[in-house]
Structures are given as structure tokens and as C-alpha cells.
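**Student:** Build me a model:
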Amino acid sequence: MPVSKLDTAYRSLVLSKFFTKGWGKPENLKKLFEFRKVVSERETCFQLVSQDYEVTITKEISSSDGLLLEGQFVSPFDQYLPGLLPQVSKTAYFQVLLPKKWQSDHYKPVCLHLAGTGDHFFFRRRNLMAKPLLKETGIGAILLENPFYGMRKPKDQVWSCLHNVSDIFVMGGCLILESLVLFHWCKRNGLGPFGVTGISMGGHMASLAATNWPEPIVLVPCLSWSTASAVFTRGVMSAAINWELLEEQYFSDESYSKEIRHMVKIIENQDTCYEAGQHFAKNYPESLEHVSKLTADNIKSSTNNANASEEKKSDPKAAEKNSSGDAQVNEDKENWNVAKKDKTAEENANNESKSNDKAKNSGPSLDFISELGMNSIKKLAKSKMKMTNYWKNGDVKQKNDENDTKDAKSRMKEKQALQFMCGIMDECTHLTNFSVPVDTDLIIAVTARDDAYVPRDGLTDIRDIWRGAEVRYLNAGHVGAYLLHQKVFRTAIADAFNRMRSKYYANEEKLKRNSSVPE
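**Tutor:** Residues are numbered from 1 along each chain as shown. Next up, the predicted model:
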């Protein structure tokens, strides 16, 4: 799979680091893996949230765009795994955008929009997705604030950089249960049918949330795939992880290697995971140009099959629709300008635009991918200079032998840490570990062909997990797709809801029309 140059360029601008405190406590990981077995089964997960779960509406605003509601509730996640969720994250905040008047009394579609990495508060999703979608199609929207983000962000957390690997599993568990709360609230208020969508990490969280609703539900995951393991071990995001710290923790506490490791299963090719991850760690930043070849060499047969089936499975009409013209780009730029203005107002309202945070997080506001820090780059360059001096100063063989031994041990530790990351990510995020949505015909995934953040080579195709799902391809990378193809994402949502309407609501509309005809 080719790598987007725009993805590469954007990566060089962001220097923040993920998982700066490590894996998370071993006992917390154990609890999360056991809880995953509960939330991954629709029957057991659905019972965790009552249909009359308490939700409070705190504000109601009527405007030309529609009716905007703001609300909150206590996350049910804390009820089942107390102590894992920071105090500030325990209250879930959301917004609802509805039309002033529905076109139908029995068909009131609402789509839940989950946030991608770095998408704090509501302004981006509201202005780039929810408002245009409501205007274009009449589909309402729910915007849920992620745990660890916006009003739910711990004070000591730097912007979007989660402290522990376990935090991303806590986030996923919260969003699964909180989505059920919101769907129940919608149903009590006469809204439906429902859909769920998201971009990047939000797309994968949307996929997990959709698996636990016991009725047909629209699902449109954008710029995500079948597992998050490749994102953190093979994609460019792997360069934003402190692997030295993770390796040190993994080998200093036997709980990780002797207990937790046996609780997880690597679903995808672990050798591919290691080799690609190793190349990123050792050859940053040149690794971007080489990772496609490195991955393809390890998974030649599966990659060839995937490439052969991609064009066969994709809808040529959908592909034609996905090409972005000047009109679409101009429209998305206009939405971005609105979002930028709205962002300032919303951040001021929530007292989140603090000067010390700005100093720590200088760089693009679109920070859903974080990068390798300057200190790490300097350290890497310094180590390479030392190796060069060894060759220049003689004692080549002795130094070589010493380095070979050290390198062998280092590679062994690196491999085990990467495999452990693959294992725990597959355990908690691989779609094969979760229930299949009730109607897979209502799934339309949108993916970028040149995505450097979400590698697909060698991974299970989402259509092989969910038979009947459609995949639409964009000729872009991750960043380019996000910036320029919001219209394509909205079109996919509209198309999926049209399928829902024609499949499950056509008879009701027919009965409605017949009953309105005078005798």
C-alpha cells in the first residue's frame, strides 16, 4: 500500500508523545480484558444499561440550524469497573442537533458521531458533519464527548496524549456503554432509526458501539479498519510511542509477560507486526518509504489476495462518487472556516484555552496523529554518530561483537514488546472478537487507499468479518481524506440511512399514505 506524502508531512509537524506512563497497572489490564468478554457479546452487554437510564438535558437552543440540546449523564462504565476512569471523565457530556420539524412522524433518523483522536469538544463534528448532514438530508445528530477529552480531560494530560495504553481500552469501554445510554434516550423520545459514525479512531469506536445494539443500525466507519493493532505498531503513530519505556516496564514486572500475555491472542500476523514496527523504531523517518515493501515481503500471499479483491469488491459507482471536485473542496473549506470560529467560542465557554496548554501543544489543531519527539530524534542521531566513530577508530571486531550481543538482546525485547502491544490491541479492538451487527447491509466503510496511519495490508478485510458490508475507497491519505472529503463521509451516511428506510420503513410509509387517502 503506497504511503501518502501529506501524511508524512503532517507527521513531521506534531511532536507530542503517547503512553508516557506506560502500559497501565497490570491489575487494571486484567480487569479490562475480562470486561471485554462481557461487552463483546451483544446479549450480555445490552443488559448492562437499563432502558430508562437517567439522562439530564441542561440546555435547549433554537436557531436557524435547528434545535440544539445539551445534556449529561454518569458513565455506566464506572459502575462496573470503578477506579479506572478519572473523576473528571465520569460525567458524559453530549449535544443533540435535530430539525425543527421532522418530515415524517414515524421516520426520525439520528446518527451518533464519535470523536477521532484530538477531536475535543463538539465544534468540528457539529460544523463539518452534523449541520451539513441535517441541512442536506434531514438526519439528526448526537455528538458525544470522549472520555479523556474536552470537558472530560484530566488536568495533567497534555491535550490528546493518553498516559497509559490501558486508557484507550477504558475509552472504548466507556463509549460502548454510553452509546447504549444515548440510543435508549432517543428511543424514549420517539427518535429513530439510529446510526453511528466516526473518523479515524472515532470510526473504530463506532464499529464497536454498533455491535451491541440489538436492532438494525446504520454504521459508517471512516478511515478505520478491522483492528487498532496495526495503527500502534505499523502505522506512523508508532513513532509517537515511547517504546523504550514500554519495553522497560514489560520486563521489569513479570505480571505483563507471565500473566497478562497469556490472556490475549494476536489475531493478525505477529511477525509482520514486529518487522514493520521494528523498522519504524530503527529507521525513523526513512521508514515511511520502506514500510510498504517490508510489510508486503512478510505477507505476500495475503496482500496479493487483498489487492486482487479490493477492486472486485468496491463499487465502481461509489468510487466515481468519491472523487472530490472543486465544488466539494470549496464546500468543505467553508465548513472548516465555520468550525474554526465556533471552536474559539466553545473553548472560551469551557475555559479550556489556557496559555500553558497552548505552550505545550503548539502546532496544528488537527492533532489526531502525534509524532516522535525532538529528544528522541537527537538521541537516535547521537547513537548513530557513536557507531560511525567505532568504525573510524578501529577495534572494529571487538566492538562489532559487543554490539551484536547488545543488538540481539535489544531486538528480542523490542519484538516481545511489539507482540505484546499487538496482542492487547487485537484482544480489545479486533472486530472478530465482537458480535456481528444485526444487518451488515447497512454498513458502509470509507477508507483511504494511501493511509499511512491505518495500515490495511495483511489485516482481515472488514467485509470478511461482516458479510454484506460495503467499502468505499478514496484516492488520498489519512490527513487528505479528513481535510478534503467530509462530503464523501456524509454521502455514505445518507446512503446507508436510505437503505435502512427502504428496507425497514417502506411498508410503514405506504400504510401512512393509504390511511391519508379519503374514502
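
**Student:** Show me the shaky parts of the stretch 251-400 of the chain.
**Tutor:** By pLDDT under 70, the low-scoring segments of the stretch 251-400 of the chain are 269-400.

**Student:** Backbone dihedrals for residue 22, both of them.
**Tutor:** Residue 22 adopts backbone torsions of phi 110, psi -150, taken as degrees, to the nearest 10.

**Student:** looking at it, it is touching residue 167, isn't it?
**Tutor:** No: with contacts counted by CB atoms under 8 Å, residue 22 stays clear of residue 167, the gap being 10.7 Å. Backbone N, C-alpha and C define where each C-beta goes, glycine included.

**Student:** Which residue, neighbours along the chain excluded, lies closest to residue 51?
**Tutor:** Distances taken as CB to CB, 6 or more residues apart in numbering put residue 184 closest to residue 51, at 4.9 Å, once the chain neighbours are dropped.

**Student:** ends of stretch 151-162, how far apart?
**Tutor:** 15 Å (CA to CA, to the nearest Å).

**Student:** Shouldn't the residue nearest to residue 51 be within a strand?
**Tutor:** No: secondary structure of residue 184 (DSSP: H, G, I helix; E, B strand; the rest coil): helix, not part of a strand.

**Student:** circling back to that earlier point, higher neighbour count, residue 22 and residue 167?
**Tutor:** Using other CB atoms under 10 Å, the more surrounded residue of residue 22 and residue 167 is residue 167, with 24 against 19.

**Student:** could you list every residue that touches the more buried one?
**Tutor:** Contacts for residue 167 (CB atoms under 8 Å, 6 or more residues apart in numbering) come out as 24, 148.

**Student:** State the mean pLDDT of the one helix or strand it maps to.
**Tutor:** Element membership of residue 167, judged by DSSP states H and E, is helix 165-188. What helix 165-188 shows for mean pLDDT is 98.

**Student:** for the chain, what spans make up the strands?
**Tutor:** Taking DSSP state E, the strands of the chain run over residues 56-63, 66-74, 91-98, 110-114, 140-144, 194-199, 218-222, 444-448, 470-474.

**Student:** Take those strands and lay them out in JSON lines including mean neighbour count.
**Tutor:** Listed next are those as JSON lines, based on neighbours: other CB atoms under 10 Å:
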{"stretch": "strand 56-63", "mean neighbour count": "10"}
{"stretch": "strand 66-74", "mean neighbour count": "17"}
{"stretch": "strand 91-98", "mean neighbour count": "22"}
{"stretch": "strand 110-114", "mean neighbour count": "28"}
{"stretch": "strand 140-144", "mean neighbour count": "26"}
{"stretch": "strand 194-199", "mean neighbour count": "29"}
{"stretch": "strand 218-222", "mean neighbour count": "30"}
{"stretch": "strand 444-448", "mean neighbour count": "24"}
{"stretch": "strand 470-474", "mean neighbour count": "22"}
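
**Student:** now those in TSV, with mean pLDDT and distance to residue 267?
**Tutor:** Listed next are these as TSV, based on pLDDT from 0 to 100; distance: least, CB to CB, whole Å:
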stretch	mean pLDDT	distance to residue 267
strand 56-63	96	40
strand 66-74	97	34
strand 91-98	98	30
strand 110-114	99	23
strand 140-144	98	28
strand 194-199	98	22
strand 218-222	99	18
strand 444-448	98	18
strand 470-474	98	19
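
**Student:** Could I get those in TSV, plus columns for distance to residue 492?
**Tutor:** Formatted as TSV, the strands of the chain follow (distance: least, CB to CB, whole Å):
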stretch	distance to residue 492
strand 56-63	27
strand 66-74	22
strand 91-98	19
strand 110-114	11
strand 140-144	15
strand 194-199	8
strand 218-222	5
strand 444-448	4
strand 470-474	6
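
**Student:** quick one: which of these is nearest residue 489?
**Tutor:** strand 218-222 (4.9 Å; CB to CB).

**Student:** quick one: contacts of the closest one?
**Tutor:** 109, 111, 193-200, 202-204, 206-207, 210, 437, 442-447, 462, 481, 489, 492-493, 496-497, 499-500.

**Student:** Kindly report the same for stretch 79-86.
**Tutor:** 28, 31-32, 35, 48, 75, 77-78, 147-148, 154, 166, 170, 173-174.

**Student:** wait, what's in contact with residue 215?
**Tutor:** 193, 194, 438.

**Student:** what about the first one, how many residues close to it?
**Tutor:** When neighbours are counted by other CB under 10 Å, residue 193 registers 20.

**Student:** any idea how far it lies from residue 140?
**Tutor:** When CB to CB, to the nearest Å is the yardstick, residue 193 and residue 140 sit 11 Å from each other.

**Student:** Can you check which residues contact both of those two?
**Tutor:** Shared contacts of residue 193 and residue 140 (CB under 8 Å, 6+ apart): 109, 110.

**Student:** re the thing from before, right, and the strands of the chain - which one's nearest residue 239?
**Tutor:** Each of the strands of the chain has some distance to residue 239 by CB to CB; the shortest is strand 444-448, at 18.9 Å.

**Student:** how about the closest one as PDB, C-alpha atoms only?
**Tutor:** Extracted in PDB, the C-alpha atoms of strand 444-448 (Å, rounded to 0.1, in the frame of the first residue of the first chain):
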ATOM      1  CA  ILE A 444     -20.600   1.400   4.500                       C
ATOM      2  CA  ALA A 445     -16.900   1.900   5.400                       C
ATOM      3  CA  VAL A 446     -14.900   4.700   3.800                       C
ATOM      4  CA  THR A 447     -11.200   4.200   3.700                       C
ATOM      5  CA  ALA A 448      -8.200   6.000   2.200                       C
END
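
**Student:** That one to strand 470-474, inter-axis angle?
**Tutor:** 30 degrees (axes from the mean of the first three to the mean of the last three CA atoms, to 10 degrees).

**Student:** Tell me which other helices or strands strand 444-448 touches.
**Tutor:** strand 218-222, strand 470-474, helix 478-484, helix 486-504 (3 or more CB pairs under 8 Å, 6 or more residues apart in numbering; DSSP states H and E).

**Student:** doesn't residue 470 make contact with residue 445?
**Tutor:** Yes: with contacts defined as CB under 8 Å, residue 445 counts as touching residue 470 at a distance of 7.1 Å.

**Student:** will you turn the helices and strands packed on strand 444-448 into JSON lines that also has distance to residue 65?
**Tutor:** Below are the helices and strands packed on strand 444-448 laid out as JSON lines (distance: least, CB to CB, whole Å):
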{"stretch": "strand 218-222", "distance to residue 65": "22"}
{"stretch": "strand 470-474", "distance to residue 65": "27"}
{"stretch": "helix 478-484", "distance to residue 65": "23"}
{"stretch": "helix 486-504", "distance to residue 65": "15"}
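
**Student:** If anything else comes up later, I'll come back, but that's it for now.
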